[in-house]
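Novice: what follows is a predicted protein model with its sequence.
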Amino acid sequence: MSCNCKNEPRQELENYLENGNKTESDLIPILQKAQEIYGWLPPEVLSLISEKTGIKPAKIMGVVTFYAQFRTKPVGKNLILLCQGTACHVNGSADIESAVKGELNTEEGEMTEDGLFTYNNVACLGCCSLSPVMMIGDKTYGKLTKESTVRVLNEVAKGVKA
């Protein structure tokens, strides 16, 4: 998948960098802004950040790979976060992951063929009373079963508010 680094998104990132955001102490906000613009951090974008800030590529990659918030692969339109914390684990998060994998026909961290979904396991979503739980975008779905998980995925895929 191309990052489209030569058009409007590139200009938006360059404008952001030209407004004084160029030091190593600005690196995390720079990376967050780039990911907000592109949806992920393509190699071409990381090179651009290095070129415009003078921060060494190795330093940038060190930060990108250290923090889980940064993505080096494109993600689907709907990013699913599956909680694997203790409460969710005890209440069947493995079954929820199995339902997601089966319905989407994909593995963790991979984008579905249609580009609609990517799912990632996370340590905790802080919604233990709703376990097992997942988030899609900014919406939380709790007390999940295999059946309700499949229903939510189908509704989201159809653009229905679940």
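Specialist: Thanks, I have it. Everything numeric in this text was worked out from a predicted model, so none of it was measured.

Novice: list the buried ones in the helix or strand containing residue 46?
Specialist: Residue 46 belongs to helix 43-53 when assigned by DSSP states H and E. Buried residues in helix 43-53, counted by 16 or more other CB atoms under 10 Å: 45, 46, 48, 49, 50, 52, 53. Placement of C-beta: from N, CA and C, glycine included.

Novice: likewise for stretch 54-65?
Specialist: Neighbour counts over stretch 54-65 (16+ other CB under 10 Å) mark 55, 60, 61, 64 as buried.

Novice: pull the CA atoms of stretch 130-144 into CSV?
Specialist: These are the backbone C-alpha positions of stretch 130-144, laid out as CSV (Å, rounded to 0.1, in the frame of the first residue of the first chain):
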residue,chain,number,x,y,z
LEU,A,130,-17.4,-5.4,30.7
SER,A,131,-15.1,-8.3,30.0
PRO,A,132,-14.6,-9.8,27.6
VAL,A,133,-14.3,-6.5,25.7
MET,A,134,-13.0,-5.0,22.4
MET,A,135,-12.9,-1.6,20.9
ILE,A,136,-13.5,-0.6,17.3
GLY,A,137,-12.4,2.9,16.8
ASP,A,138,-13.6,4.8,19.8
LYS,A,139,-16.5,2.5,20.6
THR,A,140,-16.3,-0.2,23.3
TYR,A,141,-18.2,-3.5,23.0
GLY,A,142,-18.5,-5.5,26.2
LYS,A,143,-19.9,-8.7,27.6
LEU,A,144,-19.0,-10.3,24.3
